[in-house]
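J.: can you look at this prediction? I've put the sequence above it.
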Amino acid sequence: MSTSFFSREEICVGRDVGGWTHEVTPEAIAHYGEGTGDRHEWYTGESPFGGPVAPALLYHSEVYRDLSWYLPNLIGNLHARQEWELFAPMRVGQRVRTRSTIVERYRRRNRDYVVNEVLITDEDGRWLQRSRTHQSFLIEDTGAAIVVDKDRERRDDRRFEIGSGDGEELTALTKTATIPMCKAFSGPVPNYHNDREMARAWGFPDIVVQGMMSICFLSELMTRHFGHGWFCGGKMDLRLVNVLWGEETVSVRGKIREQLPEGSATRVVVDVWCEKADGTKTVLGTASAVK
């Protein structure tokens, strides 16, 4: 008797997308640094956890390792939203396991959304982190050569306000998504995240910097400000609202919204965002850590 309402081929809630086992190595951490510019001293030296630890989002693109959960219309698909929960650090030399499952599917305006949850555990099954990736797909092929252009972000409905409160501002980071970074982060195979010709073939005028790169920028911001409390209790809920194009620079910013009691600790909730020089927001939402 079938245990699913849907056929095995359908992109549906409950579909198992499989998983992998990885060893956290210095080489993997160095590669992460090439793609993000994040080279925190804890990744190679001593840390509060008794030795080197991996960047919190070392396996940022595990959800994209197998794309069998994608809908058929690939032209113009976009990473729309990202949720993340961190429970414990990944130590250098540790073996971790991942598992990917479709947990939600919904429709808004002219796009279908598929949500893929990735769970990372240690070898004993302890949860280390959980993430949910919301990927959007055009419902119909418009036939247009360019489905998202660079003028889109200048529209009034693509302007967003965040961080207007009187809370403390975090020291901002400045990041440029260089082509070598894009190739390290989204390679080695040419695709619309690291190759201009591939980007045009997929309906974009230029390289679309992988949304996860900006999310890793925000994780670096939280790591530098909250350290231990980010690795052991960090959370993010982010929306990718405008495209970051290849070679563009963003300011990675945060502003404390509120502080809430959580057991014997305090959870610090931060408005976070990435912003181009002209004020265009590319990613925005909230992140929090304990202290």
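T.: Structure's in. What do you need?

J.: quick one: low-confidence parts of the stretch 151-291 of the chain?
T.: For the stretch 151-291 of the chain, not a single residue meets the criterion pLDDT under 70.

J.: the strands in it, which residues?
T.: Assigned by DSSP state E, counting those that start in this stretch, the stretch 151-291 of the chain shows strands spanning 173-176, 235-240, 249-262, 265-275, 281-290.

J.: show me the beta-bridge partners of residue 284.
T.: Beta-bridge partners for residue 284, by DSSP bridges, are residue 239, residue 273.

J.: which residues touch it?
T.: By Cβ atoms under 8 Å, 6 or more residues apart in numbering, the contact set of residue 284 is 160, 162, 238-239, 241, 271-274. Where C-beta positions appear, they are placed from N, C-alpha and C, glycine not excepted.

J.: about what we covered before: out of the strands of the stretch 151-291 of the chain, the one nearest residue 15 is which?
T.: strand 235-240 (23.4 Å; Cβ to Cβ).

J.: any buried residues in that closest one, and which?
T.: 235-236, 238, 240 (16 or more other Cβ atoms under 10 Å).

J.: redo those residues as TSV? Include distance to residue 205.
T.: Output for these, formatted as TSV (distance: Cβ to Cβ, whole Å):
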residue	distance to residue 205
235	34
236	29
238	24
240	18
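
J.: those: which two are farthest apart?
T.: Pairwise over the buried residues of strand 235-240, using Cβ to Cβ, the maximum falls at 235 and 240, 17.1 Å.

J.: out of the contacts of residue 284, what pair is the most spread apart?
T.: 241 and 271, at 13.8 Å, using Cβ to Cβ across those.

J.: one step back: can I get the strands of the stretch 151-291 of the chain in CSV including distance to residue 152?
T.: Output for the strands of the stretch 151-291 of the chain, formatted as CSV (distance: least, Cβ to Cβ, whole Å):
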stretch, distance to residue 152
strand 173-176, 21
strand 235-240, 13
strand 249-262, 17
strand 265-275, 16
strand 281-290, 12
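
J.: first-to-last residue distance for stretch 50-61?
T.: 27 Å (Cα to Cα, to the nearest Å).

J.: figure out how far that stretch is from the centre of its chain.
T.: Chain-centre distance of stretch 50-61: 14 Å, with Cα atoms, centre = their mean, to the nearest Å.

J.: same deal with stretch 80-100?
T.: 12 Å.

J.: now stretch 283-291
T.: For stretch 283-291, the distance to the chain centre is 13 Å (Cα atoms, centre = their mean).

J.: which of the contacts of residue 284 lies closest to residue 175?
T.: Nearest to residue 175 among the contacts of residue 284, with distances taken as Cβ to Cβ, is residue 274, at 7.9 Å.

J.: ok, back up a step: residue 222: which of the strands of the stretch 151-291 of the chain is closest?
T.: strand 281-290 (5.3 Å).

J.: what residues sit buried inside stretch 16-35?
T.: In stretch 16-35, counting by 16+ other Cβ under 10 Å, buried: 17, 19, 22, 24, 29, 32-33, 35.

J.: for that stretch, output the C-alpha coordinates as PDB.
T.: Extracted in PDB, the C-alpha atoms of stretch 16-35 (Å, rounded to 0.1, in the frame of the first residue of the first chain):
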ATOM      1  CA  ASP A  16      12.600  12.700   0.300                       C
ATOM      2  CA  VAL A  17      15.400  14.200  -1.700                       C
ATOM      3  CA  GLY A  18      18.200  12.200   0.000                       C
ATOM      4  CA  GLY A  19      21.300  13.100   1.900                       C
ATOM      5  CA  TRP A  20      25.000  12.800   2.200                       C
ATOM      6  CA  THR A  21      27.800  12.300   4.700                       C
ATOM      7  CA  HIS A  22      30.600  14.900   4.900                       C
ATOM      8  CA  GLU A  23      33.800  15.300   6.900                       C
ATOM      9  CA  VAL A  24      34.500  18.800   8.000                       C
ATOM     10  CA  THR A  25      38.000  19.500   6.700                       C
ATOM     11  CA  PRO A  26      40.400  22.500   6.700                       C
ATOM     12  CA  GLU A  27      40.200  22.400   2.900                       C
ATOM     13  CA  ALA A  28      36.400  22.800   2.900                       C
ATOM     14  CA  ILE A  29      36.700  25.700   5.300                       C
ATOM     15  CA  ALA A  30      39.400  27.400   3.100                       C
ATOM     16  CA  HIS A  31      37.200  27.000   0.000                       C
ATOM     17  CA  TYR A  32      34.400  28.600   1.900                       C
ATOM     18  CA  GLY A  33      36.700  31.500   2.600                       C
ATOM     19  CA  GLU A  34      37.500  31.900  -1.100                       C
ATOM     20  CA  GLY A  35      33.800  32.200  -1.900                       C
END
